[in-house]
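Q: starting from these lines, generate the structure:
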Amino acid sequence: MTAPIHEFDVPRTAAEWFAARLGPRREELAAAFTAWLDAHPRHRHEYAACELTWRMAANAPVPRDSSGVAPPLHRRPSLARVAMAALAASLAAIAIGTWVFRGSAPPLVYRTGPGEQRMVQLADGSQVTINTRSLLEVRIDRRHRDLRLVTGEAFFNVVKDPARPFIVATDIGSARAVGTRFNVLVESGRVEVSTEEGKVLVQPPNETSGGVLATAGTRATLARGMRQAAIDRADLNRIDNWRARRIEFDRVPLSEVLAEFSRYTVLPIRAATPAVGQVSVSAVLKVGDIDALKATLNAAFGLEMVPQANEWLVTRR
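A: Numbers count the residues shown, from 1 in each chain. The predicted model follows:
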């Protein structure tokens, strides 16, 4: 019968797992090892580095007797072999620590296509909901929580950790929080940070002091070249809507409706003329639902969508 695993018997790091698997095979640890590998993407890299270091150590000079002859492998002291394994694993752990925790590790990258949304659980327990057409890079370690929203939009539900500020950087500015809920939108040369709960510090690029504090219910907007973000009321209803995969418009010009809707479609949609673009629209639509948009425009406004080579045009019937 397989012996039970006690919590203190289970390795916790790559070095510990590597040393454990060099010893006698323990069937009861097989499932735990697989679970550890799958728990985080970097675990496989860390374990691979231990194996590489061990192979390098295997080529090191072997102690010889007084006659200069190395003892056969089966006669080499087991203690020496264990020490070599521990040294290799320790060196790998040090290398991995430097690689991961000094920010040189490649980031985890999350992409979404047109109409796609994705929810991600981060290593620190925080959650991110990524909206359509977005690219997010994540680096989280023992001392840092550094993210970069290259393009698009994401909502962050941040686990509180005063020792590790949660920083979302963009080309236009950055948002810095400790533990809160906020939304970041990068679009058309500007970044909008809308705070649902808590406080978020918004700063221009390369700023280490100052900045604007966006409190709950407010939005900080920073355009390229601005030295300080502008604060106004956040449109939290819009953010709740996109997270629920819907778009709501209340007496909004059709041109703005089509621009927002196009974020969720492969082909852009635009008004054929300025007059059509000024039609006032009130509607609730499911994101990316072309058929629903066609039916609404046709029935409520007498407009139709005409397919072109690389876009849709909205025209009067």
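Q: so what does the lengthiest strand in the chain touch, helix or strand wise?
A: Using DSSP state E to assign secondary structure, the strand with the most residues in the chain is strand 145-157. When contacts are defined as 3 or more Cβ pairs under 8 Å, 6 or more residues apart in numbering; DSSP states H and E, strand 145-157 sits against strand 127-130, strand 135-140, strand 166-169, strand 181-187, helix 236-243. The way it works is simple: take the backbone N, C-alpha and C, and place the C-beta from them, glycine included.
Q: for F301, which residues are in contact?
A: 254, 279, 281 (Cβ atoms under 8 Å, 6 or more residues apart in numbering).
Q: tell me where the model's unsure across the stretch 1-150 of the chain.
A: Per-residue confidence of the stretch 1-150 of the chain (counting by pLDDT under 70) places the weak regions at 1-10, 23-28, 40-42, 45, 51-105.
Q: how close does the nearest residue to R238 once chain neighbours are set aside get to L135?
A: For R238, ignoring the flanking residues on the chain, the nearest one in space by Cβ to Cβ, 6 or more residues apart in numbering is E248 at 7.4 Å. In this structure, E248 lies at 26 Å from L135, with Cβ to Cβ, to the nearest Å as the measure.
Q: repeat for A175
A: Taking Cβ to Cβ, one finds A175 at 16 Å from L135.
Q: look at the two and report which has more neighbours.
A: Taking A175 and L135 together and counting by other Cβ atoms under 10 Å, A175 has the greater number of neighbours (30 against 16).
Q: so who does the more buried one touch?
A: Listed by Cβ under 8 Å, 6+ apart, the contact set of A175 reads 167-168, 182, 184, 191, 193, 200-202, 214, 220.
Q: in CSV, list the residues you listed along with distance to S262 and pLDDT.
A: What follows is the contacts of A175, written out as CSV (distance: Cβ to Cβ, whole Å; pLDDT from 0 to 100):
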residue, distance to S262, pLDDT
I167, 30, 96
V168, 25, 97
F182, 25, 98
V184, 20, 98
V191, 20, 96
V193, 23, 97
V200, 28, 96
L201, 32, 95
V202, 27, 96
A214, 27, 95
A220, 25, 97
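Q: highest neighbour count among those residues?
A: Among the contacts of A175, the one with the most neighbours (other Cβ under 10 Å) is V200, at 31 neighbours.
Q: would you confirm that it belongs to a helix?
A: No. With DSSP: H, G, I helix; E, B strand; the rest coil as the criterion, V200 is assigned strand and is not in a helix.
Q: T218 pairs with what?
A: Taking DSSP bridges, one finds R233 as the beta-bridge partners of T218.
Q: do I have it right that it meets I231?
A: Yes. In terms of Cβ atoms under 8 Å, T218 counts as a neighbour of I231; the distance is 5.5 Å.
Q: would you check how far apart M226 and R190 are?
A: In this structure, M226 and R190 are separated by 9 Å, where distance is defined by Cβ to Cβ.
Q: ok, these two, which is more surrounded?
A: Counted by other Cβ under 10 Å, M226 and R190 do not tie: R190 has more neighbours, with 17 against 14.
Q: and the pLDDT for that one?
A: What the model reports as pLDDT for R190 is 94.
Q: look up the closest residue to it, ignoring the ones flanking it.
A: Using Cβ to Cβ, 6+ apart and skipping the chain neighbours, the partner closest in space to R190 is A223 (4.3 Å).
Q: of all the helices and strands packed on strand 145-157, which one is nearest R317?
A: Across the helices and strands packed on strand 145-157, the minimum distance to R317, taken as Cβ to Cβ, is reached by helix 236-243, at 29.0 Å.
Q: strands along the stretch 151-300 of the chain, start to end?
A: Listed in chain order, the strands found in the stretch 151-300 of the chain under DSSP state E, counting those that start in this stretch are 166-169, 174-177, 181-187, 190-197, 199-203, 212-215, 218-223, 230-233, 246-253, 269-271, 280-286.
Q: with distance to Q127 as extra columns, can I get those in a markdown table?
A: A markdown table is the format used below for those (distance: least, Cβ to Cβ, whole Å):
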| stretch | distance to Q127 |
| --- | --- |
| strand 166-169 | 12 |
| strand 174-177 | 14 |
| strand 181-187 | 9 |
| strand 190-197 | 13 |
| strand 199-203 | 16 |
| strand 212-215 | 20 |
| strand 218-223 | 21 |
| strand 230-233 | 25 |
| strand 246-253 | 20 |
| strand 269-271 | 31 |
| strand 280-286 | 23 |
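Q: domain-wise, how is this protein divided?
A: The chain breaks down into these structural domains: 7-61+72-101, 108-237, 245-316 (assignment by automatic domain parsing).
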